[in-house]
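Student: below are the sequence and a predicted model; questions follow.
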Amino acid sequence: MTSRAAPDPANDNRDQEPAPKAAPCVICSKPQTAANSPFCSPRCADIDLGRWLSGSYAIPVVNDDDDEDGLSSPGEG
(Lines give C-alpha, C1' and ligand atoms only; values in the text may rest on other atoms or scores of the structure.)
Protein backbone atom coordinates (compact mmCIF):
# COMPACT_ATOMS: atom_id res chain seq x y z
CA MET A 1 0.00 0.00 0.00
CA THR A 2 1.43 3.35 -1.08
CA SER A 3 0.61 6.51 0.79
CA ARG A 4 0.97 9.99 -0.61
CA ALA A 5 2.20 12.80 1.55
CA ALA A 6 -0.02 15.83 1.85
CA PRO A 7 1.08 18.68 -0.44
CA ASP A 8 3.30 21.23 1.25
CA PRO A 9 1.86 24.76 0.76
CA ALA A 10 5.37 26.19 1.04
CA ASN A 11 6.35 24.29 -2.11
CA ASP A 12 3.18 25.08 -4.05
CA ASN A 13 4.45 26.98 -7.10
CA ARG A 14 1.25 27.03 -9.14
CA ASP A 15 1.21 30.84 -9.19
CA GLN A 16 4.76 31.00 -10.50
CA GLU A 17 4.60 28.35 -13.23
CA PRO A 18 5.16 29.73 -16.72
CA ALA A 19 2.05 29.90 -18.87
CA PRO A 20 2.18 27.28 -21.64
CA LYS A 21 3.48 28.58 -24.97
CA ALA A 22 2.92 32.20 -24.03
CA ALA A 23 4.73 35.25 -25.27
CA PRO A 24 7.21 36.82 -22.86
CA CYS A 25 6.12 39.39 -20.28
CA VAL A 26 5.33 42.64 -22.08
CA ILE A 27 7.33 44.66 -19.52
CA CYS A 28 10.49 42.68 -18.72
CA SER A 29 10.46 39.80 -21.27
CA LYS A 30 10.60 37.07 -18.60
CA PRO A 31 8.22 34.10 -19.09
CA GLN A 32 4.60 34.88 -18.24
CA THR A 33 2.91 33.14 -15.33
CA ALA A 34 -0.60 31.77 -15.61
CA ALA A 35 -1.73 33.80 -12.60
CA ASN A 36 -0.41 37.11 -13.99
CA SER A 37 -0.78 36.74 -17.76
CA PRO A 38 0.32 38.66 -19.86
CA PHE A 39 2.86 39.61 -17.20
CA CYS A 40 5.38 37.60 -15.19
CA SER A 41 4.50 39.11 -11.81
CA PRO A 42 2.18 41.56 -10.06
CA ARG A 43 5.07 44.05 -10.14
CA CYS A 44 5.11 44.14 -13.95
CA ALA A 45 1.30 44.40 -14.00
CA ASP A 46 1.55 47.43 -11.68
CA ILE A 47 4.22 49.02 -13.89
CA ASP A 48 1.92 48.63 -16.89
CA LEU A 49 -1.04 50.08 -14.99
CA GLY A 50 1.08 53.06 -13.94
CA ARG A 51 2.03 53.70 -17.57
CA TRP A 52 -1.64 53.67 -18.59
CA LEU A 53 -2.64 56.00 -15.76
CA SER A 54 0.19 58.45 -16.43
CA GLY A 55 -0.67 58.68 -20.13
CA SER A 56 2.56 57.08 -21.34
CA TYR A 57 0.54 54.87 -23.65
CA ALA A 58 -1.09 57.13 -26.20
CA ILE A 59 -2.12 56.78 -29.80
CA PRO A 60 -0.47 59.54 -31.84
CA VAL A 61 -2.90 61.83 -33.59
CA VAL A 62 -2.20 62.64 -37.23
CA ASN A 63 -3.75 65.84 -38.47
CA ASP A 64 -5.52 65.25 -41.80
CA ASP A 65 -5.03 68.90 -42.69
CA ASP A 66 -1.49 68.92 -44.15
CA ASP A 67 -1.94 72.42 -45.56
CA GLU A 68 -1.42 74.87 -42.70
CA ASP A 69 -2.49 78.04 -44.55
CA GLY A 70 -6.03 76.76 -45.10
CA LEU A 71 -5.85 77.00 -48.89
CA SER A 72 -6.73 74.05 -51.02
CA SER A 73 -3.94 72.20 -52.75
CA PRO A 74 -3.52 72.45 -56.51
CA GLY A 75 -5.89 70.10 -58.26
CA GLU A 76 -8.50 70.32 -55.54
CA GLY A 77 -11.54 72.15 -56.67
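Tutor: Cool, got the structure.
Student: ranges for the helices of the chain?
Tutor: Counting by DSSP state H, one finds helices in the chain at the ranges 42-54.
Student: any weak-confidence spans in it?
Tutor: With pLDDT under 70 as the threshold, the chain has low-confidence stretches at 1-22, 65-77.
Student: kindly recompute the last result at 90.
Tutor: Per-residue confidence for the chain (pLDDT under 90) gives these ranges: 1-23, 34, 57-77.
Student: neighbours of Phe39, just the number please.
Tutor: By the other CB atoms under 10 Å criterion, the neighbourhood of Phe39 contains 21 residues. Where you see a C-beta, it was placed from the backbone N, CA and C, and this is true even at glycine.
Student: ok, it - contacts?
Tutor: Listed by CB atoms under 8 Å, 6 or more residues apart in numbering, the contact partners of Phe39 are 25-27, 32-33, 45, 48.
Student: same thing with Pro38?
Tutor: 22-23, 25-26, 32.
Student: repeat the analysis, applying 6 Å as the threshold.
Tutor: Pro38 makes contact with 26, 32, according to CB atoms under 6 Å, 6 or more residues apart in numbering.
Student: quick one, phi psi at the residue nearest to Lys30 when sequence neighbours are not counted?
Tutor: Of all residues not flanking Lys30 in the chain, Cys40 sits nearest, at 4.1 Å (CB to CB, 6 or more residues apart in numbering). Comment: the main-chain dihedrals of Cys40 come out as phi -90, psi -20, following degrees, to the nearest 10.
Student: and the gap between Cys40 and Arg51?
Tutor: 16 Å (CB to CB, to the nearest Å).
Student: okay, these two: which has more neighbours?
Tutor: Set Cys40 next to Arg51 and count neighbours by other CB under 10 Å: Cys40 wins out with 23 against 12.
Student: hmm, back to that, mind putting the contacts of Phe39 into a markdown table with distance to Asp64 and neighbour count?
Tutor: Supplementary listing: these in a markdown table, determined by distance: CB to CB, whole Å; neighbours: other CB atoms under 10 Å:
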| residue | distance to Asp64 | neighbour count |
| --- | --- | --- |
| Cys25 | 37 | 22 |
| Val26 | 31 | 14 |
| Ile27 | 34 | 17 |
| Gln32 | 39 | 22 |
| Thr33 | 43 | 22 |
| Ala45 | 36 | 17 |
| Asp48 | 31 | 17 |
